[in-house]
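J.: Would you be able to build a 3D model of this:
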Amino acid sequence: MMRFLLLSIFLVFSLAAEEKPLLERERFNAVFENDAFFRIDRWYSVGVDLSLLYKFNDDSFHLPFLDHKNSISYLGFGLSLEMYTPASLSDPFPQPNDRPYAGWLYGSFAFHQSNAKRLDSLELQVGVVGPSSKAQQVQAVIHDHILGDDVKGWRYQLHDELGVNLAYHHHERYPISLKKYESVFIPRIGGVLGDVRTEFDVGALYRVGVNIPKDYGQNFVMMPGLDSTIPAVDKGIERNKNHQGYYLQVQSDVRFVIRDMFLQGNTDGNSLSVNPYPLVFRLGGGIGGSYENYQLSLIYTVESKSFTQQSKIHAYASLLFTYSF
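T.: Next comes the predicted model:
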């Protein structure tokens with residue numbers, strides 16, 4: 001009896017070892033956004049996103065608009081911080097005609113399904129806006145110990161509030177043949193519903209270069225549901241790791257803003273606020289490269305005025321680092 005039990009346990013573990021794991025590590029992404037690249041520090045000041053992407057070996061759940069026979073499922077887990085400030089950081093008094101101070105610390109869970117031609121993404125973000133985000137402490141470390149100046153207005157930041165966003169986006173990928181180079185055009189459409197953001201957006205990315213990564217491109221920290229570098233590979237096709245590649249990229253989008261807590265203030269109305277523009281445009285361009293398991297890219301982005309009291313357009317840079325397992 002004991003021999004039979006030991007043999008049964010051995011067979012169970014042997015079969016389990018042969019089965020594919022439910023989750024397989026796919027990629028690690030780190031995105032850093034800052035307007036300091038343009039020697040300014042105002043409005044959308046900092047965005048940081050750290051995320052892990054896993055291949056999900058379960059075909060029981062599907063998103064719409066996709067050819068499920070050829071699609072691969074992925075799960076993404078992320079931790080992010082966004083920081084917003086007015087233009088004058090040395091003013092210790094309320095600034096009712098400028099962006100209020102705000103921090104947004106949140107975790108995200110995303111489900112992606114993609115193949116070589118299409119990607120659909122569903123993402124849930126849950127976190128906190130306000131002092132508990134620790135954005136004030138992060139900026140204080142940078143300004144007090146590195147830049148040597150003092151930021152004096154954080155006492156008037158948005159107060160603590162639970163933030164929940166749900167986002168859905170659809171992408172399509174169109175390779176374009178050129179004589180000497182590869183190129184790809186990736187349009188997208190989607191929206192976000194939540195107390196922090198409610199908006200619709202339409203955008204596109206274009207890349208041209210040599211050995212362009214087979215993915216859906218780099219995205220902004222502040223765009224829920226747009227996790228970076230989701231693979232563009234059909235099910236059953238092995239991913240080829242290019243020895244090295246490089247590319248130029250241009251991307252743009254337009255946002256139809258219904259709700260933006262970082263402009264309109266806390267939901268209870270007991271905070272500073274400004275009047276948002278219903279349409280916000282972005283245009284960015286940059287370079288990128290890949291070498292074996294690594295990818296690095298840099299995009300400089302110009303954004304139209306996002307609120308009526310804003311004196312000029314804004315600009316910032318996005319730096320993406322990716323490691324593929």
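J.: show me where the stretch 151-300 of the chain has helices.
T.: Under the criterion DSSP state H, counting those that start in this stretch, helices of the stretch 151-300 of the chain are mapped to 261-264.
J.: meant to ask about the stretch 1-150 of the chain, not that
T.: 2-18, 135-142.
J.: ranking these by mean pLDDT, which is last?
T.: Lowest mean pLDDT within those: helix 2-18, at a mean of 43.
J.: residues in contact with the most centrally placed residue in the chain?
T.: The centre of the chain sits closest to V221, judged by C-alpha atoms, centre = their mean, with a distance of 3.7 Å. Residues near V221 by C-beta atoms under 8 Å, 6 or more residues apart in numbering: 31, 33, 47-49, 80, 82, 318. Glycine gets a C-beta too; all of them are placed from N, C-alpha and C.
J.: what is the nearest residue to it once chain neighbours are set aside paired to in the beta sheet?
T.: Spatial nearest neighbour of V221, chain neighbours left out: G47 (3.4 Å); criterion: C-beta to C-beta, 6 or more residues apart in numbering. Beta bridges link G47 to E33, E82, judged by DSSP bridges.
J.: Test my guess that G47 contacts G78.
T.: No - if you go by C-beta atoms under 8 Å, G47 and G78 don't touch, sitting 12.0 Å apart.
J.: ok, H170 touching L122?
T.: No - in this structure, H170 is not within contact of L122 by C-beta under 8 Å, at 10.4 Å.
J.: Partner strands of the longest strand anywhere in the chain and their direction?
T.: For the chain, the longest strand by residue count, based on DSSP state E, is strand 244-260. In the sheet, strand 244-260 lines up against strand 197-210 (antiparallel), strand 279-291 (antiparallel) (DSSP bridges).
J.: Present those strands as a markdown table; the columns should include mean neighbour count.
T.: Shown next, in a markdown table, are the strands paired with strand 244-260 (neighbours: other C-beta atoms under 10 Å):
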| stretch | mean neighbour count |
| --- | --- |
| strand 197-210 | 19 |
| strand 279-291 | 17 |
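J.: okay, those strands in TSV with mean pLDDT next?
T.: Shown next, in TSV, are the strands paired with strand 244-260 (pLDDT from 0 to 100):
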stretch	mean pLDDT
strand 197-210	95
strand 279-291	95
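J.: Select, out of those strands, the one closest to V257.
T.: Closest approach to V257 among the strands paired with strand 244-260 (C-beta to C-beta): strand 197-210, 4.9 Å.
J.: Quick check: which ranges of the protein have low pLDDT?
T.: 1-19, 143-149, 225-226, 239-242 (pLDDT under 70).
J.: which residue ranges form the strands in it?
T.: Under DSSP E, the chain gives strands at 23-34, 43-56, 72-85, 102-114, 118-129, 161-172, 174-177, 182-194, 197-210, 244-260, 279-291, 294-303, 314-324.
J.: and of those strands, who's closest to V151?
T.: That would be strand 72-85 among these, by C-beta to C-beta, at 7.5 Å.
J.: what's the burial count for D98?
T.: Neighbour count for D98, taken as other C-beta atoms under 10 Å: 21.
J.: Let me see the contact set for it.
T.: D98 touches 86-88, 274, 309, counting by C-beta under 8 Å, 6+ apart.
J.: V210 too?
T.: Applying C-beta under 8 Å, 6+ apart, the residues contacting V210 are 181-182, 245-247.
J.: And the buried ones among those, selectable in PyMOL?
T.: To isolate the buried members of these in PyMOL, using 16 or more other C-beta atoms under 10 Å:
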select buried, resi 182+245+247
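J.: In JSON lines: the contacts of V210, plus distance to E24.
T.: Putting the contacts of V210 into JSON lines (distance: C-beta to C-beta, whole Å) gives the following:
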{"residue": "Y181", "distance to E24": "32"}
{"residue": "E182", "distance to E24": "27"}
{"residue": "G245", "distance to E24": "24"}
{"residue": "Y246", "distance to E24": "28"}
{"residue": "Y247", "distance to E24": "27"}
